[in-house]
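# Take this sequence and fold it.
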Amino acid sequence: MMQSAMSMLFPPQCLSCNALVEDRFLLCGPCWRETPFIMGLACDHCGVPLMGEGAGDELCDDCMTSPRPWSQGRAAVIYKGNARRIVLALKHGDRLDLARPVARWMARAGAGMLGKGALVVPIPLHRLRLFRRRYNQAGLLAHEIGRECGLDVGPDALIRRRRTETQDGKNAGERTRNVAGSIIENPRQSGLMAGRSVVLIDDVMTSGATLAEATRACTDAGASRVCVLVLARVAKDA
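Next up is the predicted model:
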């Protein structure tokens, strides 16, 4: 009764454009068509979509040329069009309400990595950037994925020990040098990742430099396996 009354007062709206929809946490038809979900064959290490059909362990040219330090990677959407708008709204627009529905997209994309006993760990923000932004969007996504999949979350398993420049505008080499040595295991969480399968969570993967640095930190902390799961993947040909 109460839920029906609330629905009449506050009818469910599209996550993106606020058009009326049938239920909460949905996109309307036009916004769904403008959101480039990654379906079908994808690179097993970075999640970028691939042409054709395969067994599911194929790699893109970039991952064959420069192998990733993690075991497996997936993304829910390509970072363009409506997906880009949703990412930016979550990251910079205080749209914290988006975390739960897009985390469900991520959970579906990364279902094969989110097995029993996995530890979900967000990419950390430096404390000064966290203070300015007020929340870590990767932390929000990790929390919702953990809740969706019934997995433990290590929100503070990793820390940034130094503040880095923004990665915007940098090439792959510059991105790698910018984040080198910046992410480590949180000394207060020592042993949390030891012997466990860790799934790193972030909002966007571009070159993968930050995720690679976080993977090394997890490996140094004793993680038995590290996978990465992001909301959006930047694709060169998208």
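# only C-alpha atoms for contact and neighbour calcs from this point on.
Noted.
# So for stretch 75-89, mean pLDDT?
For stretch 75-89, mean pLDDT rounds to 97.
# next one: stretch 120-134
90.
# Now do it: distance to the chain's middle.
Chain-centre distance of stretch 120-134: 14 Å, with Cα atoms, centre = their mean, to the nearest Å.
# and the end-to-end length of it?
This stretch, stretch 120-134, spans 21 Å end to end (Cα to Cα, to the nearest Å).
# Likewise for stretch 162-174?
17 Å.
# Please enumerate residues in contact with that stretch?
With contact meaning Cα atoms under 8 Å, 6 or more residues apart in numbering, stretch 162-174 is reached by 126, 128, 175, 178-179, 182-183, 207, 209.
# Please apply the same query to stretch 187-196.
Against stretch 187-196 from outside (Cα under 8 Å, 6+ apart): 117-119, 154, 156-157, 218, 221-225.
# Would you show me how to pick out the buried ones of those in PyMOL?
Buried members of the contacts of stretch 187-196, defined by 16 or more other Cα atoms under 10 Å, are picked up in PyMOL with:
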select buried, resi 118+119+154+156+157+218+221+222+223+225
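# now the contacts of stretch 187-196 in TSV, with distance to Gly110 and secondary structure?
TSV is the format used below for these (distance: Cα to Cα, whole Å; DSSP: H, G, I helix; E, B strand; the rest coil):
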residue	distance to Gly110	secondary structure
Gly117	15	coil
Ala118	12	coil
Leu119	13	strand
Gly154	18	coil
Asp156	21	coil
Ala157	20	coil
Cys218	19	helix
Ala221	23	coil
Gly222	22	coil
Ala223	18	coil
Ser224	18	coil
Arg225	15	strand
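# Now, the contacts of stretch 162-174 that are in helices?
When these are checked against helices (DSSP state H), the matches are 128, 175, 178-179, 209.
# Would you format those as CSV with distance to Pro30 and neighbour count included?
Putting the ones in helices among the contacts of stretch 162-174 into CSV (distance: Cα to Cα, whole Å; neighbours: other Cα atoms under 10 Å) gives the following:
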residue, distance to Pro30, neighbour count
Leu128, 39, 11
Arg175, 35, 21
Asn178, 39, 18
Val179, 38, 22
Ala209, 34, 21
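# Need the max-distance pair from the contacts of stretch 162-174.
Leu128 and Ser207 (23.8 Å; Cα to Cα).
# What segments of the protein are helices?
Secondary structure of the chain (DSSP H): helices at 2-9, 29-33, 61-65, 81-92, 99-109, 127-133, 137-149, 172-179, 209-220.
# which among the ones in helices among the contacts of stretch 162-174 gets closest to Ala76?
Ala209 (18.9 Å).
# doesn't Gly181 make contact with the closest one?
No - applying Cα atoms under 8 Å, one finds Ala209 not in contact with Gly181, separated by 11.3 Å.
# So for Asp44, which of the helices of the chain sits nearest?
Here helix 61-65 is closest among the helices of the chain (Cα to Cα), at 9.0 Å.
# where are the low-confidence patches of the protein?
For the chain, the stretches flagged by pLDDT under 70 are 1-10, 55-56, 237-238.
# Recalculate using a threshold of 80.
Within the chain, the stretches with pLDDT under 80 are 1-10, 24, 53-56, 164-166, 168-169, 236-238.
# got a list of what the nearest residue to Gly139 once chain neighbours are set aside touches?
Leaving aside its sequence neighbours, Gly139 sits nearest to Pro122 (Cα to Cα, 6 or more residues apart in numbering; 5.2 Å). Applying Cα under 8 Å, 6+ apart, we find Pro122 in contact with 138-139, 141-142, 154-156, 158, 200-202.
# List just the nearest of those to Trp32.
Among the contacts of Pro122, Leu141 lies closest to Trp32 (Cα to Cα), at 20.3 Å.
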